[in-house]
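Visitor: Sequence and predicted structure, then a few things I'm wondering about:
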Amino acid sequence: MINKIARSTADALADVKDGATIFIGGFGTAGIPNELIDGLIAQGAKDLTVVNNNAGNGETGLAALLRAGRVRKIICSFPRQADSQVFDGLYRSGKLELELVPQGNLAERIRAAGAGIGAFFSPTGFGTELAKNADGSLKETREINGKQYVLELPIYGDVALIKAEQGDRWGNLTYRMAARNFGPVMATAARKTVATVHEIVELGALNPEHIVTPGIFVHSIVKIDRAATQAGGQKKAG
């Protein structure tokens, strides 16, 4: 019998290895799987590469993972905002590598990995510093129909940590509004996907037209009590 319901975040994350590339869903603070991030901190994996839309807010969630010294490199679109002090301190002191990727390219590079696309050409970044590789060399460019494009490669993940709304024991997922964001594409591009849900329903209870991430892309789901999540967020905010 297929049953992807994990007993705890610890069980779901037990096999995360040092040096892994971790996708973390979220857009700003919307859809951040904070319980899974806390579980990853407790699990102890280090030397991680994290892929996220930004680089953490305040002192919790992704910022806490950075502060714990577990992350070697972050790939993101918006590393700095008013409360990104943890990232700022680590980056300025040379303790954290940064690969800056325009948001559209970030989403498409992840989607390409999940879709089996070897690479794609994008006009974004042509003629700027973003058209360079990490070692300073120029990325391949090509003129197509009179316009210049930059070759972008897929981003593959070892583990995706995402926040969903509902799930069943097969791993089918639905999302709540803006919490959806990067979750669906990240689930397709990772070797293992772990999702939190606020409700586990019986097989067949989810309308097939409402399922965003099919269970074939999900390996474990963990039920998180909504009231506890809200209380924790209020406590941290206070």
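Guide: Looks like it came in fine.

Visitor: Report the contact partners of the residue nearest to Glu140 when sequence neighbours are not counted.
Guide: Using Cβ to Cβ, 6 or more residues apart in numbering and skipping the chain neighbours, the partner closest in space to Glu140 is Leu151 (4.0 Å). No exception for glycine: its C-beta is placed from N, CA and C like everyone else's. Contacts for Leu151 (Cβ atoms under 8 Å, 6 or more residues apart in numbering) come out as Ala119, Phe120, Phe121, Lys139, Glu140, Thr141, Arg142.

Visitor: so what's the closest residue to Leu90 other than its chain neighbours up against?
Guide: Distances taken as Cβ to Cβ, 6+ apart place Leu96 nearest to Leu90, at 4.0 Å, with adjacent residues excluded. Neighbouring residues of Leu96 by Cβ under 8 Å, 6+ apart: Leu66, Val71, Arg72, Lys73, Ile74, Phe87, Leu90.

Visitor: now swap in Phe182 and tell me
Guide: So Phe182 contacts Phe23, Gly25, Gly26, Phe27, Gly31, Asn52, Asn53, Ala107, Ile110, Ile162 (Cβ under 8 Å, 6+ apart).

Visitor: returning to what we had before: if you rank the contacts of Leu96 by neighbours, which is first?
Guide: In terms of neighbour count, Ile74 stands highest of these at 27 neighbours, by other Cβ atoms under 10 Å.

Visitor: quick revisit: and the residue nearest to Glu140, what's its pLDDT?
Guide: Here, the pLDDT recorded for Leu151 equals 95.

Visitor: Ok, the one 4 residues further on next?
Guide: Looking at Ile155, its pLDDT stands at 97.

Visitor: Quick one: classify the closest residue to it other than its chain neighbours as helix, strand or coil.
Guide: Sequence neighbours aside, Arg109 is the residue nearest to Ile155 in space, at 4.5 Å (criterion: Cβ to Cβ, 6+ apart). Look at Arg109: counting by DSSP: H, G, I helix; E, B strand; the rest coil, its state is helix.

Visitor: from now on call the first residue 56
Guide: Done: numbering now begins at 56, and the last item shifts to Arg164.

Visitor: The residue of the chain positioned farthest from its centre and Ala69: what is the separation?
Guide: Distance from the C-alpha centroid of the chain peaks at Gly201, with 35.0 Å (Cα atoms, centre = their mean). Distance of Gly201 to Ala69, computed by Cβ to Cβ, to the nearest Å: 53 Å.
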